[in-house]
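K.L.:
need a structure here:
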Amino acid sequence: MIQPWFEDAKLGIFLHWGIYAVKPTGESWPFFLGEISHEDYMKQAEGFTAANYDPSEWARLFKAACADYAVLTTKHHDGMALWPTKLSSLNVVEGTPAGRDLIRPYVNALREADIRVGLYFSHLDWSHPDYPSLPLNSNHAVNQFNFVKEDHEAWERFLAFHRGQLKELCDDYQPDLLWFDGDWERDAEQWRMKELREQLTAWAPQAVLNSRMHVYGDYATPEQAIPTVRPEGQWEFCMTCNDFWGYMDSDANYKSVKQIIWFFIKCFSRGGKLLLDFGPKEDGTFPPEQLNILKGLARWNQKHYEAIFPSVPGLPEGLYDGSSTLSRDRKHLYLFCTQPISTEFPVMGICNQVEQVRVI
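P.N.:
Next comes the predicted model:
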């Protein structure tokens with residue numbers, strides 16, 4: 001269910017953090033695609049320490065950037081849970097030097113900072129022995145369990161595990177948002193998404209659900225390519241700040257703060273949100289480049305706060321050569337100029353008296 005806070009939200013911080021931060025492998029996909037063995041990929045758990053993890057500092061950085069919410073990967077496609085799940089030994093408490101629940105302090109720190117709590121959860125689990133793989137003729141490589149035909153009993157066991165872990169997250173952390181991924185390998189009927197929607201509504205009635213539940217989510221989540229046409233209803237654009245979702249030490253292809261601000265403007269001026277992704281290192285700290293982006297975004301957002309966060313979408317397309325917002329009382333029109341202005345720029349469609357023009 002869409003909550004009022006989500007309707008008003010403009011900026012979210014996405015966090016891909018897991019054992020894939022230990023070595024330059026990328027999150028989950030390398031072993032699925034055969035670029036590394038599953039065994040070697042999972043050995044990264046031995047180096048995942050969270051030694052300098054300070055969720056209060058994370059929350060301070062996000063608050064300074066004026067973020068409304070944050071979303072942390074509780075479990076990616078590799079199956080390694082960041083909380084002490086009772087349903088599997090594949091978790092950071094039992095399987096890594098971190099040795100503790102990493103979700104609880106994140107949740108507490110965000111709530112202390114008045115930032116809404118989002119939890120990412122992968123429907124699929126490529127490390128679970130009861131998760132049937134894709135068919136052999138699929139476009140993706142088959143995972144290490146190499147199912148030749150469907151195993152219905154295994155699928156039922158997996159669905160029970162899947163629901164069980166989600167209930168743990170709902171009961172233990174009461175998330176404001178559940179951000180799902182990995183629904184594409186099965187259809188809505190096989191996942192029993194209608195049933196799951198009803199279960200989640202009972203377990204976490206306050207939670208907003210993203211669209212990766214086939215037709216049973218609350219809002220659209222276009223990824224990496226901003227929509228050229230404004231989506232209907234509530235929507236959120238998720239984007240990396242470089243090329244990889246999780247930390248990759250060799251990935252220096254960072255977007256500039258100016259580029260990220262451009263994307264951000266394109267989202268909120270058309271009624272959307274930007275969910276900007278960062279990948280902490282295995283010890284829980286952010287690389288300098290990511291800190292620079294967060295701090296640069298914070299400076300710009302704080303300076304122009306009135307034009308962004310209390311605002312609504314502005315002029316219709318074509319009336320101004322750029323993006324715009326309106327104050328909620330419709331007395332102030334904000335025009336965003338992302339290119340240098342030499343002398344003047346035209347605005348059409350204003351029929352009432354203009355009382356003042358100023359630069360924020």
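
K.L.:
per-residue confidence averaged over stretch 173-186?
P.N.:
For stretch 173-186, the mean per-residue pLDDT is 95.

K.L.:
Stretch 15-31 too?
P.N.:
95.

K.L.:
Please report how far the nearest residue to residue 96 once chain neighbours are set aside lies from residue 101.
P.N.:
The shortest distance from residue 96 to any non-neighbouring residue, by C-beta to C-beta, 6 or more residues apart in numbering, is to residue 48 (4.2 Å). All C-beta spots, glycine's among them, are computed from the backbone N, C-alpha and C. Per C-beta to C-beta, to the nearest Å, residue 48 is found 14 Å from residue 101.

K.L.:
More neighbours: which of these two?
P.N.:
Between residue 48 and residue 101, residue 48 has the larger neighbour count (other C-beta atoms under 10 Å), namely 25 against 19.

K.L.:
Could you measure from that one over to residue 18?
P.N.:
7 Å.

K.L.:
Also residue 39?
P.N.:
Taken as C-beta to C-beta, the span from residue 39 to residue 18 is 17 Å.

K.L.:
Looking at the two, which is more packed in?
P.N.:
Remark: of residue 39 and residue 18, residue 18 carries more neighbours, 31 against 9, as counted by other C-beta under 10 Å.

K.L.:
quick one: contacts for that one?
P.N.:
Residue 18 is in contact with 27, 48, 73, 76, 78, 80, 82, 246, counting by C-beta atoms under 8 Å, 6 or more residues apart in numbering.

K.L.:
what residue ranges in the chain score low on pLDDT?
P.N.:
133-149 (pLDDT under 70).

K.L.:
mind listing the strands for it?
P.N.:
11-15, 69-75, 116-122, 177-181, 208-209, 236-240, 273-278, 311-313, 323-327, 333-336 (DSSP state E).

K.L.:
Deepest-packed of these, please.
P.N.:
Highest mean neighbour count among the strands of the chain (mean count of other C-beta atoms under 10 Å): strand 69-75, with a mean of 27.

K.L.:
what angle do that one and strand 273-278 make?
P.N.:
Strand 69-75 and strand 273-278 are oriented at 50 degrees to each other (axes from the mean of the first three to the mean of the last three C-alpha atoms, to 10 degrees).

K.L.:
where along this structure do the helices fall?
P.N.:
Along the chain, counting by DSSP state H, helices occupy 4-8, 29-32, 38-42, 55-64, 92-95, 103-112, 152-173, 188-191, 193-203, 257-268, 288-303, 305-308.

K.L.:
out of these, deepest packed?
P.N.:
It is helix 29-32: most buried of these by mean count of other C-beta under 10 Å, with a mean of 21.

K.L.:
Mind giving me the packing neighbours of that one?
P.N.:
Applying 3 or more C-beta pairs under 8 Å, 6 or more residues apart in numbering; DSSP states H and E, we find helix 29-32 packed against helix 38-42.

K.L.:
Give me the distance from the helix it packs on to the chain's centre.
P.N.:
Chain-centre distance of helix 38-42: 25 Å, with C-alpha atoms, centre = their mean, to the nearest Å.

K.L.:
Just the C-alphas of it, formatted as CSV.
P.N.:
Below are the C-alpha coordinates for helix 38-42, written out as CSV (Å, rounded to 0.1, in the frame of the first residue of the first chain):
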residue,chain,number,x,y,z
HIS,A,38,30.2,-21.1,-6.8
GLU,A,39,32.7,-22.4,-4.2
ASP,A,40,35.3,-19.7,-5.0
TYR,A,41,32.6,-17.0,-4.9
MET,A,42,31.3,-18.1,-1.5
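
K.L.:
hmm, who's touching it?
P.N.:
19-20, 25, 30-31, 78, 80, 126-127, 143-144.

K.L.:
Which of the residues you listed sits closest to residue 307?
P.N.:
residue 20 (37.7 Å; C-beta to C-beta).

K.L.:
Spit out the contact partners of the nearest residue to that closest one once chain neighbours are set aside.
P.N.:
Nearest in space to residue 20, with sequence neighbours left out and distances taken as C-beta to C-beta, 6+ apart, is residue 27 at 4.2 Å. Neighbouring residues of residue 27 by C-beta under 8 Å, 6+ apart: 16, 18, 20, 76-78, 244-246.

K.L.:
Could you count how many residues lie near the residue lying closest to residue 127 once chain neighbours are set aside?
P.N.:
Among residues not flanking residue 127 along the chain, residue 79 sits closest, at 3.4 Å (C-beta to C-beta, 6+ apart). Residues within reach of residue 79, counting by other C-beta under 10 Å, total 20.
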